[in-house]
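Asks: Kindly generate the corresponding structure for this input.
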Amino acid sequence: MMATQTQPPEAHCASVWCQVPAQQAFAFLADGLALGQWALGAWHTVAVGEGVVRGQSLFDDQPSWVRPVGDLARLTIDYHVGSSPDALQPRISAVVQAGESSGRGAGCCQVSLHAVRSPGMDDARWLRLVRCHEVEVLLIEARLALQAASTTPRDTA
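Replies: Reported below is the predicted structural model:
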């Protein structure tokens, strides 16, 4: 009998260029409370301790827990996600690429959300996650633009 090979896990990446410095985007993405402004599965986050936040899914109103773990040197954030604070698993990653590294300059950066399909995730759930990330990067871009606009000095003359 011939052994069958399993398919490698499916993966997805959604990216957007943002008109803020990489450090600013990293700080926003690593902030668990800010996560509640853009993550459709963890809306309106509140701190629950030990770096964990609780949010609410916009799809089914169920609570979700997330612990963002940032690596400033690499400009990456791993999001440990679960249905309870003691069941968190690293499932989603964000990567910030400084504009300077691609010749675009210091005032911008690329933000990417990466996901790997977990074992047992059905097609409908996977498709929803993919579509959410495609929208979430746009929300991140918009929230960072609002943040930048609110800190830009205005001409009062």
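Asks: Now do the helix or strand encompassing Leu129: distance to the chain's middle.
Replies: According to DSSP states H and E, Leu129 maps onto helix 123-151. Put simply, helix 123-151 sits 8 Å off its chain's centre (CA atoms, centre = their mean, to the nearest Å).
Asks: Show me where the chain has its helices.
Replies: 22-30, 32-35, 123-151 (DSSP state H).
Asks: May I see these organised as JSON lines, with distance to Val52 added?
Replies: No exception for glycine: its C-beta is placed from N, CA and C like everyone else's. Converted to JSON lines, the helices of the chain look like this (distance: least, CB to CB, whole Å):
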{"stretch": "helix 22-30", "distance to Val52": "14"}
{"stretch": "helix 32-35", "distance to Val52": "7"}
{"stretch": "helix 123-151", "distance to Val52": "20"}
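Asks: JSON lines for those helices, including mean pLDDT and mean neighbour count?
Replies: Conversion of these to JSON lines gives the following (pLDDT from 0 to 100; neighbours: other CB atoms under 10 Å):
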{"stretch": "helix 22-30", "mean pLDDT": "98", "mean neighbour count": "20"}
{"stretch": "helix 32-35", "mean pLDDT": "98", "mean neighbour count": "20"}
{"stretch": "helix 123-151", "mean pLDDT": "95", "mean neighbour count": "15"}
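Asks: So for Arg117, which of these sits nearest?
Replies: Checking the helices of the chain against Arg117 by CB to CB gives helix 123-151 as the closest, at 5.2 Å.
Asks: tell me the angle the closest one makes with helix 22-30.
Replies: Counting by axes from the mean of the first three to the mean of the last three CA atoms, to 10 degrees, helix 123-151 lies at 130 degrees to helix 22-30.
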